[in-house]
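Novice: build me a model:
(2 chains)
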Amino acid sequence: LAKTTQPISMDSYEGQEVNITCSHNNIATNDYITWYQQFPSQGPRFIIQGYKTKVTNEVASLFIPADRKSSTLSLPRVSLSDTAVYYCLVGDPDTGRRALTFGSGTRLQVQP
Amino acid sequence: GAVVSQHPSWVICKSGTSVKIECRSLDFQATTMFWYRQFPKQSLMLMATSNEGSKATYEQGVEKDKFLINHASLTLSTLTVTSAHPEDSSFYICSANRADSNQPQHFGDGTRLSIL
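Specialist: You can find the predicted model right below:
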């Protein structure tokens, strides 16, 4: 499984856009990139998934360059409730073992 | 709404007792479920893969006789921590895949286990 590297922590203020970049240099051809959000004492919650270029949903955007060796999760106009740990995972959804290796994650702290 | 339900959400028990944690997929069948453990301020660590109708696959360093996994139906997997000790205190989380799609994993809300 491809290893991922993310910043350990980030700080932001309410209303700002936050971009969290994840490196996955040895991503395989069939791998998808998936981001999860985790609040204390809760299970991870799916945010967004993509394969290439740009994916957008109601909560975030995911930017993936052509070489797919990195990806950037973009959270528009964060609020205090976005304070959480964000995990980037890489894996092949068709193998039955889907993105199971969690890296250290990025601890985002949003200040008022 | 939640698609994976975990029960109980919190349990405290004495050292030496066994504790069972349930993981249910609510509106889909899951031939495979996964069990993770998470210590404070750390990431999730995969413990084992639960396979419906067959033996679970354990990750290196996880004692299969200590952490018993049963996946007797397509919607239920159980993790039993046998003869629990204080060092087993942790946050246990399960997840499941829909068997017929490539959608990402859905996670339960976890079980906080505290062994006194």
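Novice: alpha carbons only for contacts and neighbour counts from here, please
Specialist: OK.
Novice: low-confidence regions, the chain specifically.
Specialist: Unless you meant another one, I'm taking chain A. For chain A, the stretches flagged by pLDDT under 70 are A:1-2, A:94-99.
Novice: you answered for a different chain; I wanted chain B.
Specialist: Residue ranges of chain B with pLDDT under 70: B:1-2, B:99-102.
Novice: what's across from the most centrally placed residue in chain B in the sheet?
Specialist: Centroid check for chain B by C-alpha atoms, centre = their mean gives residue B:35 as the closest residue, at 3.7 Å. Judged by DSSP bridges, the bridge partners of residue B:35 are residue B:48, residue B:94.
Novice: that one contacts residue B:92, correct?
Specialist: Yes. Counting by C-alpha atoms under 8 Å, residue B:35 touches residue B:92, with 7.1 Å between them.
Novice: give me the most central residue, chain A.
Specialist: Here the mean C-alpha position of chain A is nearest to the C-alpha of residue A:35 (C-alpha atoms, centre = their mean), at a distance of 3.4 Å.
Novice: would you mind measuring from that residue to residue A:72?
Specialist: Applying C-alpha to C-alpha, to the nearest Å, the value for residue A:35 to residue A:72 is 10 Å.
Novice: residue B:76 now?
Specialist: From residue B:76 across to residue A:72, the span is 35 Å (C-alpha to C-alpha).
Novice: settle it for me: which of the two has more neighbours?
Specialist: More neighbours surround residue B:76 than the other of residue B:76 and residue A:72, with 24 against 19 (other C-alpha atoms under 10 Å in any protein chain shown).
Novice: out of everything not next to it in sequence, what's closest to that one?
Specialist: Spatial nearest neighbour of residue B:76, chain neighbours left out: residue B:24 (4.6 Å); criterion: C-alpha to C-alpha, 6 or more residues apart in numbering or on different chains.
Novice: quick one, what contacts the one you found?
Specialist: B:4, B:5, B:6, B:75, B:76, B:77 (C-alpha atoms under 8 Å, 6 or more residues apart in numbering or on different chains).
Novice: by neighbours, which of those residues wins?
Specialist: Using other C-alpha under 10 Å as the neighbour test, the contacts of residue B:24 are led by residue B:77, with 28 neighbours.
Novice: hey, C-alpha coordinates of the strand or helix carrying that residue in PDB?
Specialist: Using DSSP states H and E, residue B:77 falls within strand B:76-81. C-alpha atoms of strand B:76-81 as PDB (Å, rounded to 0.1, in the frame of the first residue of the first chain):
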ATOM      1  CA  LEU B  76     -22.400  -8.400  11.800                       C
ATOM      2  CA  SER B  77     -18.900  -8.800  13.000                       C
ATOM      3  CA  THR B  78     -17.900  -9.000  16.600                       C
ATOM      4  CA  LEU B  79     -14.600  -8.400  18.400                       C
ATOM      5  CA  THR B  80     -14.000 -10.000  21.800                       C
ATOM      6  CA  VAL B  81     -11.200  -8.800  23.900                       C
END
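Novice: what is that strand packed up against?
Specialist: strand B:19-25, strand B:67-73 (3 or more C-alpha pairs under 8 Å, 6 or more residues apart in numbering or on different chains; DSSP states H and E).
Novice: can I get the ones you listed in JSON lines including distance to residue B:116?
Specialist: Formatted as JSON lines, the helices and strands packed on strand B:76-81 follow (distance: least, C-alpha to C-alpha, whole Å):
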{"stretch": "strand B:19-25", "distance to residue B:116": "13"}
{"stretch": "strand B:67-73", "distance to residue B:116": "18"}
